[in-house]
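Visitor: here is a sequence together with a model predicted from it:
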There are 2 protein chains.
Amino acid sequence: MLVVEDEARLAAALQRGLQAEGFAVDVATTGPAGLDAARHGGYDAMILDVMLPGLSGYELVRRLRAEQHWLPVLMLSAKDGEYDQADGLDCGADDYLTKPFSYVVLLARLRALLRRGAPERPTVLAVGDLRLDPARRRVTRADTEVTLTAREFALLDYLMRRPGQVVSKVELLDHVWDASLETAPNAVEVYVGYLRRKLGRDRLETVRGAGYRLAT
Amino acid sequence: MLVVEDEARLAAALQRGLQAEGFAVDVATTGPAGLDAARHGGYDAMILDVMLPGLSGYELVRRLRAEQHWLPVLMLSAKDGEYDQADGLDCGADDYLTKPFSYVVLLARLRALLRRGAPERPTVLAVGDLRLDPARRRVTRADTEVTLTAREFALLDYLMRRPGQVVSKVELLDHVWDASLETAPNAVEVYVGYLRRKLGRDRLETVRGAGYRLAT
DNA sequence: GTCCGTGCTGTGAACGCGCTGAGGACACCG
DNA sequence: CGGTGTCCTCAGCGCGTTCACAGCACGGAC
């Protein structure tokens, strides 16, 4: 999840709340920084404030869409009349919320966005006999369900979007864990171990000195 | 865009609709014809019906993938239970849509597919019968896989980006080894030896007093 | 042929990567 | 307040990898 919000308090609150739900969250505090991050990709959705230093939320979405990025966008704005919902949706946002909003509502809208709002995303990731459904948060292996914890799920999700590629530990720490938090690189090894135990020993290959690879 | 669909009405509708969106569209109405067209290349993506005369959509994709074609494929099937999503994804399709589907959804999925690009599009280095895939960290020689250690891989990578050129030992120490570390220049000789053993004696020529050259 | 310098290779040792089990911190729930 | 589950750190261990060293092969100059 990408959060673009310049008010530090709100940004921190969103980050904490979403992390509690199992999302990996990156925060950008200016328009240009947000645009860069969104371009870079790898996010499932973006929460975007309208009022931003450097580049307004409207303009940010407009540029993103112009560049053919179809990331679901949930827009936030103060309810002061100057900006309104129609403008937001016009420029390419997928949903719109006016401040102040309840956290529960935000979460519900976000989930709706991820579910429906990814009409642009294949519903299921499949690699070999593994299936992962991001919206339903379910994983099956050879048609039998596997239960994963939030972190395990996030890790597998990331790997399944890059089947066969070698993914370094740093990359995993950045995207599956939170970039800001300092977690020991060992955590990756530990969770790879957990996944191996649940999915089968040979699904995740170790490439010494380079990272891990999901067998295709 | 390549559309492989035997129902004339649906094929025509797809063609018109996609052309209206600015795509150039070719239509094939049988499995074999579709496979030929896809092989021929030049398409950004393929929309593929499962039920086809001559060759099923499943089989078509399977063969295509077996031949190392990585064109994005969006599969269409009637929702009659006989075929299902898992089968489609298993044989190498990238996304799956059951008939009847809304045109808007089709378009959205298609755009997503194009944005993601070909799955695992191999950006490989190739010199002679050597192949090196940096992302997947794989090396093959005449289609048989060769396992290399991290250092060996880095060395071969560097050389394969400069095929036919003479690369000095100092240059290799600077780039393949860490500049800061003081390693004996002999290490290069050692690792060239390892590579020769794994790749074949004559792949790496010694140029006395100057360095090494990867035979083209 | 002799001599020197450069490159090759087998041996072995140290290092460090990655795996695992144990256990603590923390949240959630009854 | 204990029970349960998740997340993560830590320490120890096994083993592959890396590299230094030394002796040898070979090419070139004369």
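Guide: Yes, it's here. Numbering: from 1, shown residues only, chains lettered A, B, ... in the order given.

Visitor: any weak-confidence spans in chain A?
Guide: Scanning chain A with the threshold set as pLDDT under 70 gives A:22, A:41, A:67-68, A:79-92, A:115-123, A:135, A:179-181.

Visitor: ranges for the helices of it?
Guide: For chain A, helices defined by DSSP state H occupy the ranges A:8-20, A:31-40, A:57-66, A:85-90, A:103-115, A:150-160, A:169-175, A:186-199.

Visitor: residues in contact with the second one?
Guide: By CB atoms under 8 Å, 6 or more residues apart in numbering or on different chains, the residues outside helix A:31-40 that reach it are A:2, A:4, A:26, A:28, A:43, A:46, A:48, A:52-57, A:59-60, A:63-64, A:67, A:69, A:71. Placement of C-beta: from N, CA and C, glycine included.

Visitor: one more: the last one?
Guide: Defining contact as CB under 8 Å, 6+ apart, one finds that helix A:186-199 is touched by A:130, A:141, A:146, A:148-149, A:151-152, A:155-156, A:169, A:172-173, A:176-177, A:203-204, A:206, A:212.

Visitor: filter the contacts of helix A:31-40 down to the buried ones, PyMOL style.
Guide: Listed next is the PyMOL selection for buried residues among the contacts of helix A:31-40, using 16 or more other CB atoms under 10 Å in any protein chain shown:
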select buried, chain A and resi 2+4+26+28+43+46+48+52+55+56+57+60+63+64+69+71
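
Visitor: take the contacts of helix A:31-40 and keep only those in strands.
Guide: Counted as lying in strands by DSSP state E, out of those, are A:2, A:4, A:26, A:28, A:46, A:48.

Visitor: follow-up on the earlier one: out of the contacts of helix A:186-199, which touch DNA strand D?
Guide: The subset of those within reach of DNA strand D, by CB under 7 Å from any atom of the strand, is A:149, A:151-152, A:177.

Visitor: just want the most central residue of chain A.
Guide: Nearest residue to the geometric centre of chain A (CA atoms, centre = their mean): A:M1, 3.3 Å.

Visitor: flag every residue of chain A that's near DNA strand D.
Guide: A:22, A:147, A:149-152, A:177, A:181-184, A:186-187, A:190-191, A:208-209.

Visitor: residues near whichever residue of chain A sits closest to DNA strand D, how many?
Guide: The nearest approach of chain A to DNA strand D comes at A:T149, 2.9 Å away (CB to the nearest atom of the strand). Here the number of neighbours of A:T149 (other CB atoms under 10 Å in any protein chain shown) works out to 12.

Visitor: how near is it to A:R161?
Guide: Counting by CB to CB, to the nearest Å, the gap from A:T149 to A:R161 is 19 Å.

Visitor: quick one on the thing from earlier: just send the helices of chain A back as CSV, with distance to B:L125 too.
Guide: Output for the helices of chain A, formatted as CSV (distance: least, CB to CB, whole Å):
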stretch, distance to B:L125
helix A:8-20, 40
helix A:31-40, 25
helix A:57-66, 33
helix A:85-90, 46
helix A:103-115, 38
helix A:150-160, 24
helix A:169-175, 21
helix A:186-199, 28
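
Visitor: among the ones in strands among the contacts of helix A:31-40, which pair sits farthest apart?
Guide: Farthest apart among the ones in strands among the contacts of helix A:31-40 by CB to CB are A:D26 and A:L48. That separation is 12.8 Å.

Visitor: picking up where we left off before, which PyMOL command selects the buried ones in the ones next to DNA strand D among the contacts of helix A:186-199?
Guide: Applying 16+ other CB under 10 Å to those leaves a buried subset, and the PyMOL line that selects it is:
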select buried, chain A and resi 151+152+177
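
Visitor: how about the ones next to DNA strand D among the contacts of helix A:186-199 in TSV, adding distance to chain B?
Guide: TSV is the format used below for those (distance: CB to the nearest CB, whole Å):
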residue	distance to chain B
A:T149	25
A:R151	25
A:E152	22
A:W177	22
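
Visitor: is DNA strand C within reach of stretch A:189-197?
Guide: Yes: using CB under 7 Å from any atom of the strand, stretch A:189-197 comes into contact with DNA strand C via A:189-190, A:192-193, A:196.

Visitor: if you rank these by neighbours, which is first?
Guide: A:V192 (20 neighbours).

Visitor: which residues touch whatever residue of chain A ends up closest to chain B?
Guide: Proximity to chain B, evaluated over chain A using CB to the nearest CB, is greatest for A:G209 at 3.2 Å. Contact analysis of A:G209 by CB under 8 Å, 6+ apart lists B:149-151.

Visitor: can you rerun that using 6 Å?
Guide: Neighbouring residues of A:G209 by CB atoms under 6 Å, 6 or more residues apart in numbering or on different chains: B:A150.

Visitor: near A:A66, how many other residues are there?
Guide: Close neighbours of A:A66, defined as other CB under 10 Å, add up to 9.

Visitor: separation between it and A:A28?
Guide: Between A:A66 and A:A28 the distance is 19 Å, computed by CB to CB.

Visitor: neighbouring contacts of stretch A:161-181?
Guide: By CB under 6 Å, 6+ apart, stretch A:161-181 touches A:24, A:127, A:154-155, A:158, A:183, A:185, A:188, A:207, A:210-214, A:216, B:120, B:135-137.

Visitor: report the buried members of those residues.
Guide: With burial judged by 16+ other CB under 10 Å, the buried subset of the contacts of stretch A:161-181 is A:24, A:127, A:154-155, A:158, A:188, A:207, A:211-214, B:120, B:135-137.

Visitor: return the subset of those residues lying in strands.
Guide: Within those, residues falling in strands by DSSP E are A:127, A:207, A:211-214.

Visitor: can you lay out those as CSV showing distance to chain B?
Guide: Formatted as CSV, those follow (distance: CB to the nearest CB, whole Å):
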residue, distance to chain B
A:V127, 9
A:V207, 5
A:G211, 8
A:Y212, 10
A:R213, 7
A:L214, 11
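
Visitor: ok, of those, which one's closest to B:A112?
Guide: Nearest to B:A112 among those: A:V127, at 17.7 Å, using CB to CB.

Visitor: so what's the closest one closest to, chain neighbours aside?
Guide: Computed as CB to CB, 6 or more residues apart in numbering or on different chains, the closest residue to A:V127 that is not its neighbour in sequence is A:P163, at 4.4 Å.

Visitor: likewise A:L107?
Guide: Excluding its sequence neighbours, the residue lying closest to A:L107 (CB to CB, 6+ apart) is A:E21, at 6.8 Å.

Visitor: so how many other residues sit close to A:P32?
Guide: For A:P32, the neighbour count with other CB under 10 Å is 13.

Visitor: the closest residue in space to A:G211 that isn't next to it in sequence - how many residues pack around it?
Guide: Excluding its sequence neighbours, the residue lying closest to A:G211 (CB to CB, 6+ apart) is A:S168, at 3.9 Å. Residues near A:S168, counting by other CB under 10 Å, number 15.
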